[in-house]
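Chemist: Model the structure of this input:
(chains A and B, ligands or ions: 2)
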Amino acid sequence: MLKTFAKGGIHPPENKYSANQPIVSIVPPDTVTIPVTQHIGAPSKVIVNKGDAVKAGQVIAQSEGFISTNIHASVSGKVVKVDSIVDSSGYKRPAVFIKVEGDEWLEGIDTSDALNENISVSDEEIIPKILEAGIVGMGGATFPSHVKLSVPRGKNAEFLVINGVECEPYLTADHQLMMEKGKELITGIQILMRGLRVKNAYVGIENNKKDAIKHLTVLAANHQGIEIVPLQVKYPQGGEKQLIKAILNREVPSGGLPIDVGAVVFNVGTTFAVYEAIQKNKPLIERVLTVTGKSVTKKGNYKVRTGTPMKHVIDAAGGLPEDTGKVISGGPMMGKALNSLEVPVIKGTSGILIIPDEEAHRKPVQPCIRCTKCVQVCPMGLEPYLLQVLSEKSMLERAENEYIMDCIECGSCSYTCPSNRPLLDYIRLGKQQVGKLIRSRKQ
Amino acid sequence: MDKLLSVAPSPHLKSSTGVPGLMFGVVIAMMPVLVLSVIFYGLGAIVVTATAVASCVLFEAIIQKYVLRHKITVSDGSAVVTGILLAFNIPSDLPVFMIILGSLVSIGVGKLTFGGIGNNPFNPALVGRVFLLVSFPVDMTTYPNPTGLNASLAESYIDASSGATPLTLIKEGIKAGKPVSELMTQVPDYADLFFGDMGGSMGEIAGIAIVIGFLYMLVRKIITWHVPVVIVSTIFAFTGILWLINPEQNADPLFHILTGGVLLGAVYMATDYVTSPMTIKGQVIFAVGIAIITVVIRVYGAYPEGISFAILIMNAFVPLINRYVKPKRFGEQLSNG
Ligand code: SF4
Ligand code: SF4
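Modeler: Ligands and ions are numbered 1, 2, ... in the order given. Model (predicted):
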């Protein structure tokens, strides 16, 4: 029996159409739009002005405070303006517009594909270099990586956990990265182990990617302390808490972080970025993402510079299908529906999913029949039907006592509900309000 | 962009199982019971079931349209389930007007007065059944003897010869002071009880068919095993203890389980979504409660079977159970190591 997390979970259809499609680089567009907030935490401070010439890899916005990071130009060219745009979160954010001229990279960056397994930096240099390179969690959470690596006083990191689960249906970018960049990933893992000073790393991969499990197991065999852990296929196994439970059988306490149980989790995309930052001196300015959907002509895995408008990426994948009803940044379970295709790709964009019109609309909501299915599938042990009612009625104290803040917004409840109830919509709202309440109490 | 994109929030996927699908699954799970009832009781079983289903569906539609002026929701299939369940809970020679009345009470009082599907605290079919039991005690407690498939409608329905159920026989006998060993010679043996060859309401006779329906619902993930298994095993344990203490005063546990609708109640009625608890822990408490009340009614109470009342009583406790029995939260207890 393969390992998995204990509580809840669902098995949506996988639809991994673009599996095993080789990674293809997309030529940068004429203009890129690079938001200065691509991460959780403080916005970075813009340090370029209109008219400045920049090279690919040059810092254009600097980390402000501990939970923040650097933003780099992803192309060479001229800064045409610094203005606000609507990004994939739907909020207005400042962004740097760069008109592309040529493809000139900053000196010292190794842009070749040559493998470099020889780690020459000292352990102490690792965290500063990762901050310097602007690396954030690339699975979608976009939490700055140097913060995760800086274990707070009183806590102890025992294990590095690498997330190669890719439990979202449709997405295949991490899978393809594991197939094409296996050796680089192993080096990245070794760097992270040194940065954290841990002896053991576990790479969790779901069993629908048998080739990746096999490939990495062979590569890891020569390296002490790196173990590949095949997992049962179950959503949301890529959630940090679920992954730690599955691999280590430890439960992150309610309200706590993985480090509370000695674990630090990195996604494979992030691990590859760490490899490039340390071994190639290359900041995080491009990433692999999946462009997919039933009607997309060239479903595949593409390497894209940050700041590239979604439209440009979709055009490279054969253009927006006629029957499009919804365009999602990320996967179908947790991704964000876009209202404009001018929104740029950022560090956390794991995919672009295009859903045909006939599947883009919700079914009519019916009364709750108390079937308990939402309770059964909730991976956090919550009662979504109840949280929905409490949120709707703004019964915030009660919602808090029912652990609404533990909801990881995985969407399993809404997916499952036979009455098509918009459970997560209300729970999100409730979380926002309860969050406000908690903050107001602290003041 | 000339086309408007949908921006509804995640999740963007939806499972295909809806309420009608689930209810249809329950209906399929009840088919083996219906088939066996027809084999034993002939056409009467069909008359009763058809009447109950048709009147439940019609009453729901009529009340929603003309009284509540509300959208008609019969297409969700829940009224069909209620109708079949009601039919399973009554003798297969019950007069049509009583069935219609029972359906009206099930749907009108048991379901719609509380706000329709999802809001009714009590199992509607049982509300109808108890109403009939109180209003027509004689008709409701004399069950036709099995006539078989070849009997005419007249024989199987209109003037079917009737008698008491095995459970009633034993209960009356014990009250009269006869030892159980002697009484047991008057009732069908266990194989007949399990395969349905006995007097009883349509649904209570066919142990084997109910077990098939149960397995079907498990495989289709319509219900979990907890409620039925806990009810049956608790009744078995409880009556087993009584039997070991005094085998001449108490029927044996197997007899208790195979008679008086225990299987029917445990599989189809105590598992009703709306009227059972929301957590597994809560469901176990609910099931143990049903089992204990059933045995207490059987051994000490006035009615022989007991499970219908036990389910209704525990239905009343469901809101309380839901309020205080919570799932085990992720990260609530540290299970490190
Ligand atoms: S979205 Fe929240 S409430 Fe719903 S299943 Fe996931 S964790 Fe549970
Ligand atoms: S899944 Fe939907 S219908 Fe079932 S209990 Fe939850 S909210 Fe109610």
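
Chemist: quick one: contacts for B:Ile313?
Modeler: When contacts are counted by C-beta atoms under 8 Å, 6 or more residues apart in numbering or on different chains, B:Ile313 is found next to B:289, B:293. Using the backbone N, CA and C atoms, a C-beta is placed for each residue, glycine as well.

Chemist: tell me the pLDDT at it?
Modeler: On pLDDT, B:Ile313 comes in at 95.

Chemist: do the same with A:Gln224
Modeler: Per-residue pLDDT puts A:Gln224 at 88.

Chemist: Identify the residue nearest it in space, chain neighbours excluded?
Modeler: The spatial neighbour of A:Gln224 that comes closest, neighbours along the chain excluded (C-beta to C-beta, 6 or more residues apart in numbering or on different chains), is A:Lys199 at 8.0 Å.

Chemist: so that neighbour makes contact with A:Ile226?
Modeler: No - with contact defined as C-beta atoms under 8 Å, A:Lys199 does not count as touching A:Ile226 (10.2 Å).

Chemist: hey, what's in contact with both of the two?
Modeler: Common contacts of A:Lys199 and A:Ile226, defined by C-beta under 8 Å, 6+ apart, comprise A:Met193.

Chemist: if we can go back for a sec, distance check, the residue nearest to A:Gln224 against A:Lys50.
Modeler: Distance of A:Lys199 to A:Lys50, given as C-beta to C-beta, to the nearest Å: 50 Å.

Chemist: For chain B, give me its nearest residue in the stretch 301-443 of chain A.
Modeler: In the stretch 301-443 of chain A, no residue comes nearer to chain B than A:Gly411, which is 3.1 Å away by C-beta to the nearest C-beta.

Chemist: Disregarding residues adjacent in the polypeptide, which is nearest to that residue?
Modeler: Counting by C-beta to C-beta, 6+ apart, the residue nearest A:Gly411 is B:Pro11, at 3.1 Å.

Chemist: Now do the SS call for that neighbour.
Modeler: With DSSP: H, G, I helix; E, B strand; the rest coil as the basis, the three-state label of B:Pro11 is coil.

Chemist: follow-up on the earlier one: which of A:Lys199 and A:Ile226 has more neighbours?
Modeler: Just comparing A:Lys199 and A:Ile226: by other C-beta atoms under 10 Å in any protein chain shown the higher neighbour count belongs to A:Ile226, 22 against 11.

Chemist: in the sheet, who's paired with the more buried one?
Modeler: Taking DSSP bridges, one finds A:Ala201 as the beta-bridge partners of A:Ile226.

Chemist: So it is in contact with A:Val203, correct?
Modeler: Yes - with contact defined as C-beta under 8 Å, A:Ile226 counts as touching A:Val203 (7.0 Å).

Chemist: which neighbours do the two share?
Modeler: When contacts are counted by C-beta under 8 Å, 6+ apart, A:Ile226 and A:Val203 are jointly contacted by A:189, A:220.

Chemist: before we move on, the earlier item: the residue nearest to A:Gln224: what's it in contact with?
Modeler: By C-beta under 8 Å, 6+ apart, the contact list for A:Lys199 reads A:193, A:224-225.

Chemist: Make TSV out of the residues you listed and add distance to B:Ile292 and neighbour count.
Modeler: Output for the contacts of A:Lys199, formatted as TSV (distance: C-beta to C-beta, whole Å; neighbours: other C-beta atoms under 10 Å in any protein chain shown):
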residue	distance to B:Ile292	neighbour count
A:Met193	57	23
A:Gln224	59	10
A:Gly225	55	15
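
Chemist: For ligand 2, what's its nearest residue on the stretch 151-300 of chain B.
Modeler: Here the stretch 151-300 of chain B gets closest to ligand 2 at one residue, B:Met278, 6.9 Å apart by C-beta to the nearest ligand atom.

Chemist: Would you agree A:Pro418 is in contact with B:Met23?
Modeler: No - in this structure, A:Pro418 is not within contact of B:Met23 by C-beta under 8 Å, at 9.4 Å.

Chemist: Now the stretch 51-200 of chain A against ligand 2: closest residue?
Modeler: A:Pro169 (19.8 Å).

Chemist: Quick one: neighbours of that residue, just the number.
Modeler: A:Pro169, neighbours per other C-beta under 10 Å, totals 20.

Chemist: Can you tell me the SS state at it?
Modeler: Three states are possible here, and by three-state DSSP the one that applies to A:Pro169 is coil.

Chemist: anything in stretch A:225-242 near ligand 1?
Modeler: No - against ligand 1, stretch A:225-242 shows no contacts by C-beta under 6 Å from any ligand atom, the least distance being 7.1 Å.

Chemist: Which phi and psi values does A:Met290 adopt?
Modeler: Not quite, residue A:290 is Thr, not Met. Note on A:Thr290: its backbone torsions stand at phi -100, psi 130 [degrees, to the nearest 10].

Chemist: ok, it touching A:Leu171?
Modeler: Yes - look at A:Thr290 against A:Leu171 with C-beta under 8 Å: they come within range, at 4.8 Å.
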